[in-house]
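Trainee: have a look at this prediction, sequence included:
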Amino acid sequence: MKTTMILAASAIVLAAPALAQDKTTLEYVTSKGTVVHANMQGQELELPMTYKADGTYVTSAMGQEVTGKWRVDGEKLCTVSAMGGGNENCIAYPAGKKPGDEFKVTNPMLGEVTIKINK
C-alpha cells in the first residue's frame with residue numbers, strides 16, 4: 001500500500017510540468033511588454049510599450065509620453081489613447097508567440113507593424 005502511494009505521488013509530480021499551461025501570446029505581451037516597429041509617413045518609429053496590471057499602458061512616441069488603456073477581448077488586444085482620438089482599436093494577435101518572438105499585425109492608425117515581445 002505504501003509503495004502504491006509513493007508511486008502515485010511520483011507520477012503526479014512528474015506529470016505536473018506537462019499539465020502546466022503556457023501563457024497565451026497576449027498574456028506575454030501584457031506582462032512582458034513589447035517594442036512596436038512602424039513606419040509613419042516615411043519615418044521609422046520604435047515604440048516601447050509597457051502594459052500595467054491596472055489596465056493602463058505607456059509608450060514613448062517622437063519624444064513624448066503617450067498613455068492609454070488596454071483590455072483583452074479573446075485573441076484581440078484593445079487599446080484606447082488620446083493620440084488615437086479616444087477611439088478603441090482592437091487588433092488580433094497570433095497564437096503561440098513567446099518572449100523574444102516577432103510578428104506582424106495591422107494597426108488601424110499605423111498600418112502593418114512589427115511587434116517584438118520583450119524577454
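Mentor: Cool, the structure landed.
Trainee: check which helix or strand Val80 maps to.
Mentor: strand 76-81 (DSSP states H and E).
Trainee: what residues does stretch 90-109 touch?
Mentor: Stretch 90-109 is contacted by residues 22, 24-26, 28-29, 32, 36, 38, 73, 75-79, 84, 89, 112-119 when judged by CB atoms under 8 Å, 6 or more residues apart in numbering. Bear in mind the C-beta positions are built from the backbone N, C-alpha and C, glycine included.
Trainee: ok, and for stretch 63-83, which residues are buried?
Mentor: For stretch 63-83, burial by neighbour count (16 or more other CB atoms under 10 Å) applies to Val66, Gly68, Trp70, Val72, Leu77, Thr79, Val80, Ser81.
Trainee: tell me how far the host helix or strand of the third one is from the chain's mean position?
Mentor: In the assignment (DSSP H and E), Trp70 maps to strand 64-73. Here the centre of mass of C-alpha atoms in strand 64-73, compared against the chain's by CA atoms, centre = their mean, to the nearest Å, lies 12 Å away.
Trainee: cool, stretch 108-119 as well?
Mentor: Using CA atoms, centre = their mean, the offset of stretch 108-119 from its chain centre is 10 Å.
Trainee: now do the buried residues in that stretch.
Mentor: Buried residues in stretch 108-119 (16+ other CB under 10 Å): Val113, Ile115, Lys116, Ile117.
Trainee: show me what the mean pLDDT comes to for that stretch.
Mentor: In this model, stretch 108-119 has an average pLDDT of 95.
Trainee: alpha carbons only: can I get it in CSV?
Mentor: C-alpha atoms of stretch 108-119 as CSV (Å, rounded to 0.1, in the frame of the first residue of the first chain):
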residue,chain,number,x,y,z
PRO,A,108,-5.6,50.9,-37.9
MET,A,109,-3.5,54.0,-37.3
LEU,A,110,-0.1,52.8,-38.5
GLY,A,111,-0.8,50.1,-41.0
GLU,A,112,1.4,47.0,-40.9
VAL,A,113,3.7,47.0,-37.8
THR,A,114,6.2,44.5,-36.4
ILE,A,115,5.8,43.6,-32.7
LYS,A,116,8.5,42.0,-30.6
ILE,A,117,7.7,40.6,-27.2
ASN,A,118,10.3,41.6,-24.6
LYS,A,119,12.2,38.8,-22.9
